[in-house]
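**Q** Here is a sequence with its predicted model. Questions after.
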Amino acid sequence: MQPTQNASQRGALALTALAYFPAVLCMSTVGVIVPFIGTLSADLATTAPQIGLAIALFSLPAAILATVGGGLIDKYGVRLSMLCEAGASAVGSLWASQAHSLLSLDCAMVLAGLGFGGMCVTSPLLIIATLTAGLRIRAMSFWSTYAPTGYAAGLLLTVPFSAVGDWRMALLVHAGLMALAFIALVLFLPRVVAVAGEPRDSFRETFARVWSVVREPRALRLGLAVALPNAVSYGTSLSAPAYLARVHHLSMASSSATVAFAKIVAMIVGGTSMGYLLSRAVNTTLLFAVMVAIGLLAQTLLFLPASGMMLASFALVLWLFAFGGMSGGCMTLLPSVAPDASHTGAASGLVNQFISLASFATPSIWLSLSGGMQYVMLAGACLIVSLIALPASKPHR
């Protein structure tokens, strides 16, 4: 019995890795671009706001197409979809590394964003289709940390190149890593049919499936519950480095490095521990409420001017831990909000559409704030609404 259990756990780890790391690498594109905004502006003879728009274009495909894309993934299956998405992300980074105009960079970011948006929808379906019970819960909770971890990983990837401003080589390295992920998916990704729709479904039937998910109140509530903590996390990532540097008289490099390392450690710990607790039948709503309370405390400590840098750093780790728990708890509910297994892709697409829309709106909102109390009040409102919206858990299929 024990060898069988160990083999099952090893298989679950392998499947989780196949779902997790391609999503992390797709998200890393933004983390690679952000440190080079100034250099890109000079090299492409443009302005920082225009480079910012190029970064925003990365989120545009998912914001527009995620729900419909989820329905198409239900139709064509996980393996083909993930291969196309990893390929699009790799080609997007390669194209961006060779860009000599703003238009070329914009197009490359849209292509990379198309791969990223699809990967966000498809990769959790691999976990849902192949794992069950406690293994699925732990894997989904861990997978939910991909976005902040990917952004931080992109920041760290640029370290060898940022001193000389070599953004082209940084993007080439990222494209190479995406190509390796593509090869790994070709070699090891199983053919998953459990969550796919009937191969002969017409497009009309596919869109009917999507519409049935859009009308599902639990799916809509889950999308809102996931999107708002993601908006707070994204806003904190945008505002915290500059805020901490200004208030505590640090360099932007030191402040950004603190944020990057804290993200990777705290997100993985938060997502993993939440999955461990949920797999032991701890109430999802109760755990989410506890994480909301911890998150509110962390936001207050982080943006409290009277706190020293040590307390602020602790608060940042505490916030990221809380967000990992909130995000992980929400995503374990994904299989339960779809009307049936054939609608899981559409449900995943709908949830990611909420996240993408919130991410698209976040920069203009958070960067318009100035005082620490404004950050805390906005974060508090988002987290409380998220807790109210969270659908109750159902027995796992």
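**A** Cool, got the structure. Residues are numbered from 1 along each chain as shown.
**Q** Tell me how far residue 29 lies from residue 155.
**A** Using CB to CB, to the nearest Å, residue 29 is found at 12 Å from residue 155. For the C-beta atoms, the positions are set from N, CA and C on the backbone; glycine is no exception.
**Q** Tell me which of these two has more neighbours.
**A** Taking other CB atoms under 10 Å, residue 29 and residue 155 do not tie; residue 29 has more neighbours (28 against 25).
**Q** Tell me how far stretch 375-388 lies from the chain's centre.
**A** Put simply, stretch 375-388 sits 19 Å off its chain's centre (CA atoms, centre = their mean, to the nearest Å).
**Q** Against residue 52, how distant is residue 118?
**A** 23 Å.
**Q** More neighbours: those two, which one.
**A** The neighbour comparison of residue 118 against residue 52 (other CB under 10 Å) goes to residue 118, with 28 against 17.
**Q** does that one belong to a helix or a strand, and which?
**A** Using DSSP states H and E, residue 118 maps to helix 102-130.
**Q** Residue 356 too?
**A** Under the criterion of DSSP H and E, residue 356 resides in helix 344-366.
**Q** other SSEs contacting that helix?
**A** helix 48-76, helix 102-130, helix 203-214, helix 217-248, helix 334-337, helix 372-389 (3 or more CB pairs under 8 Å, 6 or more residues apart in numbering; DSSP states H and E).
**Q** swap the cut-off to 6 Å and go again
**A** helix 48-76, helix 102-130, helix 203-214, helix 217-248 (3 or more CB pairs under 6 Å, 6 or more residues apart in numbering; DSSP states H and E).
**Q** can you give me the mean pLDDT across it?
**A** Regarding helix 344-366, the rounded mean pLDDT is 78.
**Q** and it with helix 372-389, angle?
**A** Between helix 344-366 and helix 372-389, the angle comes out at 160 degrees (axes from the mean of the first three to the mean of the last three CA atoms, to 10 degrees).
**Q** Buried residues of helix 344-366, list them for me.
**A** 344-363, 366 (16 or more other CB atoms under 10 Å).
**Q** Then stretch 126-134?
**A** 126, 127, 128, 129, 130, 131, 134.
**Q** avg pLDDT for that stretch?
**A** Here the average pLDDT along stretch 126-134 is 78.
**Q** Mind exporting the C-alpha coordinates of it to PDB?
**A** The C-alpha trace of stretch 126-134 is given here as PDB (Å, rounded to 0.1, in the frame of the first residue of the first chain):
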ATOM      1  CA  LEU A 126      -4.800  19.600 -15.900                       C
ATOM      2  CA  ILE A 127      -5.000  19.400 -12.100                       C
ATOM      3  CA  ILE A 128      -8.700  19.100 -12.000                       C
ATOM      4  CA  ALA A 129      -8.800  16.400 -14.600                       C
ATOM      5  CA  THR A 130      -6.000  14.200 -13.200                       C
ATOM      6  CA  LEU A 131      -6.100  14.500  -9.400                       C
ATOM      7  CA  THR A 132      -8.800  14.000  -6.900                       C
ATOM      8  CA  ALA A 133      -9.700  14.700  -3.300                       C
ATOM      9  CA  GLY A 134      -6.900  15.900  -1.000                       C
END
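**Q** Show me the shaky parts of the stretch 51-200 of the chain.
**A** Within the stretch 51-200 of the chain, the ranges that satisfy pLDDT under 70 run 65-72, 74-75, 133, 193-200.
**Q** burial measure for residue 376, as a count.
**A** Residue 376: 17 neighbours (other CB under 10 Å).
**Q** Show the pLDDT at it.
**A** 89.
**Q** residues in contact with residue 123?
**A** Taking CB atoms under 6 Å, 6 or more residues apart in numbering, we find residue 123 in contact with 19, 23.
**Q** returning to what we had before: give me the distance between the helix holding residue 356 and the centre of its chain.
**A** With CA atoms, centre = their mean as the basis, helix 344-366 stands 10 Å off its chain's centre.
**Q** what's the burial count for the nearest residue to residue 229 once chain neighbours are set aside?
**A** Among residues not flanking residue 229 along the chain, residue 326 sits closest, at 4.5 Å (CB to CB, 6 or more residues apart in numbering). For residue 326, the count of nearby residues is 33 (other CB under 10 Å).
**Q** and what of residue 42?
**A** 11.
**Q** Distance of it relative to residue 312?
**A** 32 Å.
**Q** What are the buried residues along stretch 291-301?
**A** Buried positions in stretch 291-301, judged by neighbour count with 16+ other CB under 10 Å: 291, 292, 294, 295, 296, 298, 299, 300, 301.
**Q** Likewise for stretch 182-194?
**A** Per 16+ other CB under 10 Å, stretch 182-194 contains these buried residues: 182, 185, 189, 192.
**Q** mind listing what residue 362 touches?
**A** 231, 234, 235.
**Q** Let me have the residues you listed in a markdown table, extended by pLDDT, neighbour count and distance to residue 379.
**A** A markdown table is the format used below for the contacts of residue 362 (pLDDT from 0 to 100; neighbours: other CB atoms under 10 Å; distance: CB to CB, whole Å):
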| residue | pLDDT | neighbour count | distance to residue 379 |
| --- | --- | --- | --- |
| 231 | 88 | 25 | 9 |
| 234 | 80 | 22 | 11 |
| 235 | 83 | 23 | 8 |
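**Q** Just the closest of those to residue 392, please.
**A** Nearest to residue 392 among the contacts of residue 362: residue 231, at 22.8 Å, using CB to CB.
**Q** Name the nearest residue to that closest one, ignoring sequence neighbours.
**A** Excluding the flanking residues, the one nearest residue 231 by CB to CB, 6+ apart is residue 358, at 4.1 Å.
**Q** how about that neighbour, what does it touch?
**A** 227, 230, 231.
**Q** before we move on, the earlier item: mind exporting the C-alpha coordinates of the helix holding residue 356 to PDB?
**A** C-alpha atoms of helix 344-366 as PDB (Å, rounded to 0.1, in the frame of the first residue of the first chain):
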ATOM      1  CA  THR A 344     -14.900  23.300 -16.100                       C
ATOM      2  CA  GLY A 345     -12.800  25.100 -18.800                       C
ATOM      3  CA  ALA A 346     -15.500  27.800 -19.200                       C
ATOM      4  CA  ALA A 347     -15.700  28.200 -15.400                       C
ATOM      5  CA  SER A 348     -11.900  28.600 -15.300                       C
ATOM      6  CA  GLY A 349     -12.000  31.100 -18.100                       C
ATOM      7  CA  LEU A 350     -14.700  33.100 -16.400                       C
ATOM      8  CA  VAL A 351     -12.700  33.300 -13.100                       C
ATOM      9  CA  ASN A 352      -9.600  34.300 -15.000                       C
ATOM     10  CA  GLN A 353     -11.600  37.000 -16.900                       C
ATOM     11  CA  PHE A 354     -12.500  38.600 -13.600                       C
ATOM     12  CA  ILE A 355      -8.900  38.500 -12.500                       C
ATOM     13  CA  SER A 356      -7.700  40.000 -15.800                       C
ATOM     14  CA  LEU A 357     -10.200  42.800 -15.700                       C
ATOM     15  CA  ALA A 358      -9.200  43.600 -12.200                       C
ATOM     16  CA  SER A 359      -5.500  43.500 -13.100                       C
ATOM     17  CA  PHE A 360      -6.100  45.800 -16.100                       C
ATOM     18  CA  ALA A 361      -7.900  48.400 -13.800                       C
ATOM     19  CA  THR A 362      -5.500  48.100 -10.900                       C
ATOM     20  CA  PRO A 363      -2.500  50.200 -12.000                       C
ATOM     21  CA  SER A 364      -4.500  53.400 -12.700                       C
ATOM     22  CA  ILE A 365      -6.300  53.100  -9.400                       C
ATOM     23  CA  TRP A 366      -3.500  52.200  -7.000                       C
END
